[in-house]
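Colleague: got a structure for you, letters missing:
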């Protein structure tokens, strides 16, 4: 499997043509994956990148299809995750970006990496702070995708509880340090930041589906 294995089902020529293709050994050294896992991810990447446009790149429509089974329409959660995977900010995800970004969801990835990714997920404006409106938008998006309905007062209670716990200096924003401390006290917030199948990717070839339901976390209670 992959391009460095003599038994690979992927031709070396295809690997060279794949945009952003990088040596599995290099990617393994920089991520939580082993070389074999990176090679397995290349097979998964090919499946995704040729699902609609067949150009060896993962576009936003393909990413939405992989996450939620629907390639059309805007979705804040899916679009935000896509933007964080798109490290080069060029509107597509290349293989190296795919592996490096997916690494944060590996069960063995450092908690600090998962915490930082979750912070960026909620920092919709990219200001370096999480504001109430950003949490409100993300909670609404997650509830909508999960087809759950909460009253306005219930959503506001979620937001207020989050800020009562996390905004320690009471300035109306959550900074990275406050978020880090909040997550330490509420580790369930990172529950969905680990995808167990990534440890079994060399033996189990799953569909790439990330659970987007409401986290079992006081930030969303």
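Modeller: Ah, there it is. All figures in this text were calculated on a predicted structure; none of them were measured in a lab.
Colleague: any idea how far residue 139 lies from residue 164?
Modeller: Distance, residue 139 to residue 164, using CB to CB, to the nearest Å: 15 Å. For every residue, glycine as well, the C-beta is placed using N, CA and C.
Colleague: Ok, residue 144 next?
Modeller: 25 Å.
Colleague: Same drill for the two, tell me which one is more crowded.
Modeller: residue 144 (14 against 11; other CB atoms under 10 Å).
Colleague: Number of residues surrounding residue 90?
Modeller: Residue 90: 10 neighbours (other CB under 10 Å).
Colleague: tell me which element it is part of?
Modeller: Counting by DSSP states H and E, there is no helix or strand that carries residue 90.
Colleague: For the protein, give me the ranges with low pLDDT.
Modeller: Counting by pLDDT under 70, the chain contains low-confidence ranges at 1-17, 67-74, 200-221.
Colleague: Which parts of it are strands?
Modeller: With DSSP state E as the criterion, the chain has strands at 130-131, 173-174.
Colleague: Just put these in TSV and tack on distance to residue 22.
Modeller: Compiled in TSV, the strands of the chain are given as follows (distance: least, CB to CB, whole Å):
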stretch	distance to residue 22
strand 130-131	32
strand 173-174	35
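Colleague: how about JSON lines for the ones you listed, with mean neighbour count and distance to residue 97 added?
Modeller: Formatted as JSON lines, these follow (neighbours: other CB atoms under 10 Å; distance: least, CB to CB, whole Å):
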{"stretch": "strand 130-131", "mean neighbour count": "22", "distance to residue 97": "24"}
{"stretch": "strand 173-174", "mean neighbour count": "22", "distance to residue 97": "27"}
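Colleague: Which of the residues in stretch 117-125 are classified as buried?
Modeller: By neighbour count on 16 or more other CB atoms under 10 Å, the buried set for stretch 117-125 is 117, 118, 119, 120, 121, 122, 123, 124.
Colleague: show me what contacts the first one?
Modeller: Going back to what we said before, that points to residue 117. Counting by CB atoms under 8 Å, 6 or more residues apart in numbering, residue 117 makes contact with 84, 104, 193.
Colleague: now swap in residue 196 and tell me
Modeller: Residue 196 is in contact with residue 107, counting by CB under 8 Å, 6+ apart.
Colleague: ok, now with 10 Å
Modeller: Shown in contact with residue 196 (CB atoms under 10 Å, 6 or more residues apart in numbering): 105, 106, 107.
Colleague: Assess the claim that residue 193 and residue 111 are in contact.
Modeller: Yes. If you go by CB atoms under 10 Å, residue 193 and residue 111 touch, sitting 8.7 Å apart.
Colleague: So for these two, which residue has more residues nearby?
Modeller: Set residue 193 next to residue 111 and count neighbours by other CB under 10 Å: residue 193 wins out with 21 against 14.
Colleague: Contacts only, for the more buried one.
Modeller: 104-107, 109, 111, 113-115, 117-118, 121, 183, 210, 215.
Colleague: still on that earlier bit, filter the buried residues of stretch 117-125 down to the ones in helices?
Modeller: 117, 118, 119, 120, 121, 122 (DSSP state H).
Colleague: Residue 79 is in contact with the fifth one, correct?
Modeller: No. No contact is recorded between residue 121 and residue 79 when judged using CB under 10 Å, the distance being 11.1 Å.
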